[in-house]
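Asks: sequence and predicted structure are below.
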Amino acid sequence: MQGAIKNKGCFLSTVLFINKPLRCAWLVGAVILLTGCASMSKQECLTANWLDQGFRDGRSGQPLTRIVDHRQACTKVGVIPKDTLYFQGRDQGIVHYCTSENGLAVGRQGHPYRNACPAALEHKFLVSYKQGKQLYEAEQRIEALSQDTHQLELLLRDEDDREQRRYLRHHIRGLDWELQRARDEQRYLERNLERDVDSNLERNVGY
């Protein structure tokens, strides 16, 4: 019987984590695809307004090294980026990116931070970014636990063996407990965020 349960445990592990290798493979493929793509097309290089390009890169939170990617892409077609104009535009664009509000939005979407903000703006951005990222990760954990629970419930529905049904119920209860903790953490993070937002509003209106 213990052997049967052990085999069942291996099977459950496969069910619960089968998507991880697939996700990893997809991510590796995506990284390879992205790194294989030039930052600018031939036409974009030939018609580039480097002031505007710098502004767009700054506004989207691209790092300072993004100009190196553009240089590599454009020298292939005989175009050399105008660094002075590019960085002038980037300085204007990065101000729009490195705000507390945008930091929260970027974190909530799960996007990475590329160390793009200058020192004078980085602290406020990162405080909000980390809050948003924590909420994003909590939501992702809730979604993953919910999916795992659903998969086990499907197995339980189709399982006839009494001992294995008991094994499945045990794991479902464990996942339910983890899910409750994850939801409690999400609510805690949301309350902290709401409190910080209210405090910032009060300071802004002079209370």
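Replies: Cool, the structure landed. Numbers count the residues shown, from 1 in each chain.

Asks: please name the nearest non-neighbouring residue to the residue nearest the centre of the chain.
Replies: Closest residue to the average C-alpha location of the chain: residue 110 at 2.2 Å, with Cα atoms, centre = their mean. Distances taken as Cβ to Cβ, 6 or more residues apart in numbering place residue 136 nearest to residue 110, at 4.4 Å, with adjacent residues excluded. To be clear about C-beta, it is placed using only N, CA and C from the backbone, and glycine gets the same treatment.

Asks: give me the buried positions along whatever helix or strand the one you found lives in.
Replies: For residue 136, the element it lies in under DSSP states H and E is helix 119-158. Residues 121-122, 125-126, 128-129, 131-139, 141-142, 144-145, 148-149, 151-152, 155-156 are the ones in helix 119-158 that count as buried (16 or more other Cβ atoms under 10 Å).

Asks: ok, stretch 103-119 next?
Replies: Residues of stretch 103-119 classed as buried: 103, 104, 106, 107, 108, 113, 116, 117 (neighbour count, 16+ other Cβ under 10 Å).

Asks: next, format those residues as TSV and append distance to residue 177, pLDDT and secondary structure.
Replies: Shown next, in TSV, are those (distance: Cβ to Cβ, whole Å; pLDDT from 0 to 100; DSSP: H, G, I helix; E, B strand; the rest coil):
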residue	distance to residue 177	pLDDT	secondary structure
103	33	96	helix
104	30	95	helix
106	32	97	helix
107	27	96	helix
108	26	94	helix
113	33	96	coil
116	40	96	coil
117	39	97	coil
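
Asks: mean confidence for stretch 141-150?
Replies: Stretch 141-150 shows a mean pLDDT of 92.

Asks: now residue 181: which helix or strand?
Replies: Going by DSSP H and E, residue 181 is part of helix 162-204.

Asks: if you count contacts, what does that helix end up packed against?
Replies: helix 2-17, helix 119-158 (3 or more Cβ pairs under 8 Å, 6 or more residues apart in numbering; DSSP states H and E).
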